[in-house]
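Visitor: Pasting the sequence and the predicted model now:
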Amino acid sequence: MHFSAVARVLGLMLMLFSITLLVPIPVASYYGEDTQGAFFLAFAITFSLGMLIWLPYSRTAADMRTRDGFVVTVLFWLVLGLMGAIPLMLAEPLQLGIADAAFEAISGLTTTGGTVITGLDALPRSILYYRQQLHWLGGIGIVVIAVAIMPMLGIGGMQLYRAEAPGPVKDAKLTPRITETAKALFFIYLVLTLVCILAYWIAGMSPFDAIGHAFSTVSTGGFSTHDASIGWFDSPAIIIITIVFMILAGLNFGLHFLVWNRRTPRQYLRDPEARLFLVLLITGCMVVGLYLYATATYDSPGSLLHGSFQFVSIMTSTGYGTANFSQWPSFLPVFLVVSSFFGGCGGSTSGGVKIGRMLILAKQCLNEFYRLIHPNAIRPLKLGDRAVGVRVADAIWAFFGVYLAVFYGITLLLLASGLDFETAWSATAACLNNMGPGLGEVAASFGGISDFAKWVLCAAMLLGRLEIFTMLVLLSPAFWRR
């Protein structure tokens, strides 16, 4: 590992992130709030730390290798979460401790959306904006954003992109140069955000709420500027707009790029992962809506509207709410949480295992059933027209096995902290899948659980955001051998 290259990139990226801590200051000034000092001090601390890390190695010319990219990615998200917590600790209206502030910041950056804060409607607008901004930055991945401008600083970005990119991601390198790839993805992300802001504003949101909720929707984050989340607006138009943009954010951004380039929306239906994603969404919405109607929870239009919204919100790992779904009848709360395991498509801002992995696992299982009946048959594993290599399938099975081991390991740690099984299981699912709300004690807020449980869930959120292997590979002795 080239320590000098890692330190140089990490320092530069911290300095870049520190600039975003200045953005809430004009918001505070506009609304006449006194939180400017907290954000400026957080900027100064973060920038100074980045400068101290970068300066000793600013003149080194060591190239960054793939291993270095993994180290930078993990360190950056870890350090960034801690630095992002500083304004939340310093802001007097919140009075958060270290564990609470770190949980809130990491939840924001990983687009999990679980919160320890209540009374959002009474908080300063600058703090509310900052929470939404964390979502937006984390959504596309700060590492992917950074590689679009790193070449201007003399730093290559391919290693970082490999470490950050979720898999399986089709056409991961969409253009000949990684810089152009990152710019294309960021442009799509920006356009979706701007269109979402405009749609929310036309539907009746204030400009502040429209910006904040667009940041959270396109990033599939789930933070809101109101305690009642999307339900606060009590608007079918806003609910429908949110559903549309959650689905768009749950699709592969590489697929959005192809549709944009070829000017043909049919590309969405030709893609097997996107097709399965849409089929699962339609099926899940029907199941939830019909059950709500059958149990007389809502009338017919309300069952369809609220059921569809809540299923899309949870499956795409956004975590918005129009109602407290944990109080819905029978199996629905668990059914919704289980849907978060599927998540969105690879290369999207959603969490979860990802539809692409689930599709390949299902196809491989069907192939094994076929071989039991026809032992001598040769049946290649295909995803659409493309053959899936044995190496890819093995990697997905390994991921799934490690995912289950990590999931139940975290659940056991939460049980050891004193939580009941429903709370521990759902909190693990909410954080590892970057989904947000859980059941039991964490249905509305994570503020009531112990600091130990919050730190465990912080690790779960980072593992989920970096898709487990990126972090766990650093624990392998082989990774550190020359």
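Guide: It's in.
Visitor: before we move on, which element is residue 285 in?
Guide: With elements taken from DSSP states H and E, the one containing residue 285 is helix 272-294.
Visitor: Give the buried residues for that helix.
Guide: For helix 272-294, the neighbour count (16 or more other CB atoms under 10 Å) marks 272-274, 276-278, 280-281, 284-285, 287-289, 291-293 as buried. Any C-beta I mention is one placed from the backbone N, CA and C, and that applies to glycine too.
Visitor: try stretch 223-233
Guide: Buried residues in stretch 223-233, counted by 16+ other CB under 10 Å: 223, 224, 225, 227, 229, 230, 231, 232, 233.
Visitor: Just the ones in helices from the residues you listed, please.
Guide: In helices, judged by DSSP state H, none of the buried residues of stretch 223-233 are found.
Visitor: which residues of this protein score low on pLDDT?
Guide: Low-confidence segments of the chain (pLDDT under 70): 1, 61-64, 142-179, 482.
Visitor: Need the residue closest to the centroid of it.
Guide: By CA atoms, centre = their mean, the chain has its centre lying nearest to residue 111, at 3.8 Å.
Visitor: who are the neighbours in contact with it?
Guide: Applying CB atoms under 8 Å, 6 or more residues apart in numbering to residue 111 gives the contacts 135, 138, 139, 219, 220, 221, 222, 317, 349, 351, 434, 465.
Visitor: for residue 132, same thing?
Guide: So residue 132 contacts 211, 212, 213, 215, 216, 221, 223, 225 (CB under 8 Å, 6+ apart).
Visitor: Max pairwise distance over the residues you listed: which two?
Guide: 211 and 221 (13.4 Å; CB to CB).
Visitor: more neighbours, the two?
Guide: With neighbours defined as other CB atoms under 10 Å, residue 211 and residue 221 compare such that residue 221 has more, 32 against 23.
Visitor: my guess is that one contacts residue 215, does it?
Guide: Yes: shown here, residue 221 and residue 215 form a contact pair, counting by CB atoms under 8 Å, at 7.4 Å.
Visitor: Identify the contacts common to the two.
Guide: Shared contacts of residue 221 and residue 215 (CB under 8 Å, 6+ apart): 132, 135, 136, 139.
Visitor: Go through those and flag which are in helices.
Guide: Checked against DSSP H, these include these in helices: 132, 135, 136, 139.
Visitor: How many residues are close by the nearest residue to the third one once chain neighbours are set aside?
Guide: If I follow you right, that is residue 136. Sequence neighbours aside, residue 215 is the residue nearest to residue 136 in space, at 3.8 Å (criterion: CB to CB, 6 or more residues apart in numbering). Residue neighbour count, defined by other CB under 10 Å, stands at 23 for residue 215.
Visitor: how much space between residue 215 and residue 229?
Guide: From residue 215 across to residue 229, the span is 14 Å (CB to CB, to the nearest Å).
Visitor: do the same with residue 87
Guide: Remark: distance between residue 87 and residue 229 (CB to CB) = 23 Å.
Visitor: show me the contacts for residue 130.
Guide: Taking CB under 8 Å, 6+ apart as the definition, contacts of residue 130 comprise 24, 39, 87, 88.
Visitor: show me where the stretch 101-250 of the chain has helices.
Guide: If DSSP state H, counting those that start in this stretch is used as the criterion, the helices of the stretch 101-250 of the chain fall at 125-140, 142-147, 158-164, 178-203, 207-218, 236-250.
Visitor: any idea which helix or strand comes after the last one?
Guide: For helix 236-250, the succeeding helix or strand toward the C-terminus, using DSSP H and E, is helix 253-262.
Visitor: elements contacting that next one?
Guide: Packing partners of helix 253-262 (3 or more CB pairs under 8 Å, 6 or more residues apart in numbering; DSSP states H and E): helix 178-203, helix 266-270.
Visitor: Direction-wise, compare it with helix 178-203 and give the angle.
Guide: Angle between the axes of helix 253-262 and helix 178-203 is 90 degrees (criterion: axes from the mean of the first three to the mean of the last three CA atoms, to 10 degrees).
Visitor: got the angle for helix 253-262 vs helix 125-140?
Guide: Helix 253-262 runs at 80 degrees relative to helix 125-140, counting by the same axes, to 10 degrees.
Visitor: so where do the strands sit in this structure?
Guide: Along the chain, the stretches classed as strands by DSSP state E are 382-383, 386-387.
Visitor: List the buried residues in stretch 183-190.
Guide: For stretch 183-190, burial by neighbour count (16+ other CB under 10 Å) applies to 183, 184, 185, 186, 188, 189.
Visitor: Correction: the previous question concerned stretch 255-269.
Guide: For stretch 255-269, the neighbour count (16+ other CB under 10 Å) marks 255, 256, 257, 258, 259, 267, 268 as buried.
Visitor: Distance to residue 429 added to those residues, as TSV?
Guide: Shown next, in TSV, are those (distance: CB to CB, whole Å):
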residue	distance to residue 429
255	26
256	27
257	31
258	32
259	32
267	32
268	28
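Visitor: ok, for residue 410, nearest residue in space, not its chain neighbours?
Guide: Nearest residue to residue 410, sequence neighbours excluded (CB to CB, 6+ apart): residue 428, at 4.7 Å.
Visitor: The one you found: neighbouring residues, count only.
Guide: Neighbour number of residue 428 under other CB under 10 Å is 26.
Visitor: And for residue 191?
Guide: With other CB under 10 Å as criterion, residue 191 counts 13.
Visitor: cool, and the one 3 residues further on?
Guide: The criterion is other CB under 10 Å. On that basis, residue 194 has 13 neighbouring residues.
Visitor: what do you get for the one 5 residues further on?
Guide: The number of residues packed around residue 199, counting by other CB under 10 Å, is 20.
Visitor: I figured it was touching residue 241, is that so?
Guide: Yes: the pair formed by residue 199 and residue 241 meets the contact definition of CB under 8 Å, at 4.8 Å.
Visitor: who touches the closest residue to residue 298 other than its chain neighbours in this structure?
Guide: Among residues not flanking residue 298 along the chain, residue 292 sits closest, at 5.3 Å (CB to CB, 6+ apart). Contact analysis of residue 292 by CB under 8 Å, 6+ apart lists 298, 302, 303, 306, 307, 328, 332.
Visitor: Kindly recompute the last result at 10 Å.
Guide: By CB atoms under 10 Å, 6 or more residues apart in numbering, residue 292 lies in contact with 298-300, 302-307, 310, 323, 325, 328-329, 332.
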